[in-house]
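K.L.:
Coordinates for the following, if possible.
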Amino acid sequence: MSFFQSLGGKVSYDDYISSVLSGNSTPSYVGISALKNSDILTAVSIIAGDVARFPLIKKTISGDIEKDDDINYLLNVRSTKNATARDWKFAMVVNAILTGNSYSRVLRDPLTGKALEFQFYKPSQTTVEETDNRDILYKFFDSSTGQEIKCSSDDVIHWKFFTHDTILGRSPLLSLADEISLQDEGTRTLLKFFKDGFSSGILKLKGSQLSGEARKKARMDFEKMREGSAGGSPLVFDDTQEYSPLEIDTKVLQLISSNNFSTAQIAKVLRVPSYKLGVNSPNQSVAQLMDDYVSNDMPFYLDAITSELGLKILNKDDRKKYRIEFDTRGVTGFTVDEVRNMVNNQLLTPNQGLEQLGLPKSDDPDMDRYQSSLNYVFLDKKEEYQKQGLKGGETKDAKEN
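P.N.:
Numbering: from 1, shown residues only. Below you'll find the predicted structure:
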């Protein structure tokens, strides 16, 4: 069974059939054409930029950061032969949002099987098929060589943020057709008003009654007379004609220009804070809104990315011990005072505290021990100090003296 993807809109088979039944075989609100809408462009840029700016790190199952120079170079420095890791992640997110899917082929070391770099392919160059034994097969068309490359799912990075069949993704923009259309119509109305003064009106021709064909010809002659004129240009009539312009309520124009419904819907569907698209937000500080966005909205994108990367980059044994995560501590991390309090209350070791602040660990083995009060002695020495009646850091000889 093959899953069809149109080369124009790059939507899944189900979405393509739905669009055909509704009379639209090439949906204009998905794909690169959607970036003509400023709100879509802004929202996609925000999401892709945020994903691209957070570094990817390797962690143990217990949560400790594992240093891995190869993975760091691949995911945070240079991902493809011709692009930085930032550009690769940005392009992958943009395609995954606009078309529902983004693809990159994994080039591996032939001896060790370790991922060396990625090869990015546009959705229009990719076909996804399901074989008879339920395996997923990817076919990439290389435009530079004219060759078709077949890959199993193990060698393909496939990002999809919303899927209903686990095989292909669905673009969230498919749910915004009405909102984008409403916004576009409002913009066109404003442009028409400022371009020609919204000069619809009533044209009266003096004389005998006119047939329908004569009225049509008079209207066409009037429209031809207005060709090339701009707003404010004079109109010339003879004494057999009388023109009365129709007035438009300016409140309608105010409603169009101040309508934030479509913008708010776009922000909601794409999980972007409304204030970033110019819509008023609740009475919260920008820091609170940003923290809520990274903690509650961004995981919709981040988790889909890290689960796919962990499955395709780590081998079977490493997947049981490690995971790939985004390092968002720059936004959601603890302050120095918060880390100090957690260390003093035995929630973190001093080295774990340094890690939470993004600082390198100390080689001192005592920095991996929990410390407690009595002027912050180590927890395993606390009872010994209490029995001897000593304060933290004080020795028995010093007390006797």
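
K.L.:
alpha carbons only for contacts and neighbour counts from here, please
P.N.:
Fine.

K.L.:
List the contacts of stretch 288-302.
P.N.:
With contacts defined as C-alpha atoms under 8 Å, 6 or more residues apart in numbering, stretch 288-302 is touched by 47, 51, 161, 271-273, 326, 328, 331-332.

K.L.:
Is it possible to get TSV of the residues you listed that adds secondary structure, distance to S362 and pLDDT?
P.N.:
TSV is the format used below for these (DSSP: H, G, I helix; E, B strand; the rest coil; distance: C-alpha to C-alpha, whole Å; pLDDT from 0 to 100):
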residue	secondary structure	distance to S362	pLDDT
I47	helix	35	96
V51	helix	30	96
F161	coil	39	95
R271	coil	39	92
V272	coil	39	92
P273	coil	39	88
F326	strand	23	95
T328	coil	22	88
V331	helix	24	78
T332	helix	23	75
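
K.L.:
hang on, isn't S79 packed against F90?
P.N.:
No. Using C-alpha atoms under 8 Å, S79 makes no contact with F90, being 11.5 Å away.

K.L.:
Compare the two (neighbour count), which wins?
P.N.:
S79 (23 against 20; other C-alpha atoms under 10 Å).

K.L.:
Which residue, other than its chain neighbours, is closest to that one?
P.N.:
Spatial nearest neighbour of S79, chain neighbours left out: A85 (4.6 Å); criterion: C-alpha to C-alpha, 6 or more residues apart in numbering.

K.L.:
What are the boundaries of the strands in the chain?
P.N.:
Taking DSSP state E to define them, one finds strands in the chain at 2-3, 56-60, 65-66, 102-108, 115-121, 126-130, 136-142, 147-152, 156-159, 201-205, 241-245, 322-326.

K.L.:
hmm, back to that, relative to I71, how far out is the residue nearest to S79?
P.N.:
Here the criterion is C-alpha to C-alpha, to the nearest Å. By it, A85 lies 11 Å from I71.

K.L.:
now do H164
P.N.:
Taking C-alpha to C-alpha, one finds H164 at 31 Å from I71.

K.L.:
One more: L107?
P.N.:
In this structure, L107 and I71 are 14 Å apart, going by C-alpha to C-alpha.

K.L.:
what's the answer for N260, then?
P.N.:
Here N260 is placed at a distance of 43 Å from I71 (C-alpha to C-alpha).

K.L.:
Just want to know which of the two has more residues nearby.
P.N.:
Ranked by neighbour count (other C-alpha under 10 Å), N260 and I71 place I71 first, with 20 against 17.

K.L.:
give me the number of residues near K361?
P.N.:
So K361, with other C-alpha under 10 Å, has 14 neighbours.

K.L.:
is it true that it touches L354?
P.N.:
Yes. If you go by C-alpha under 8 Å, K361 and L354 touch, sitting 6.1 Å apart.

K.L.:
Distance-wise, check the residue nearest the centre of the chain relative to Y275.
P.N.:
When the chain is reduced to its mean C-alpha position, the nearest residue by C-alpha atoms, centre = their mean turns out to be I47, at 3.2 Å. Separation of I47 from Y275 (C-alpha to C-alpha): 14 Å.

K.L.:
do the same with D142
P.N.:
41 Å.

K.L.:
K160 now?
P.N.:
Taken as C-alpha to C-alpha, the span from K160 to Y275 is 26 Å.
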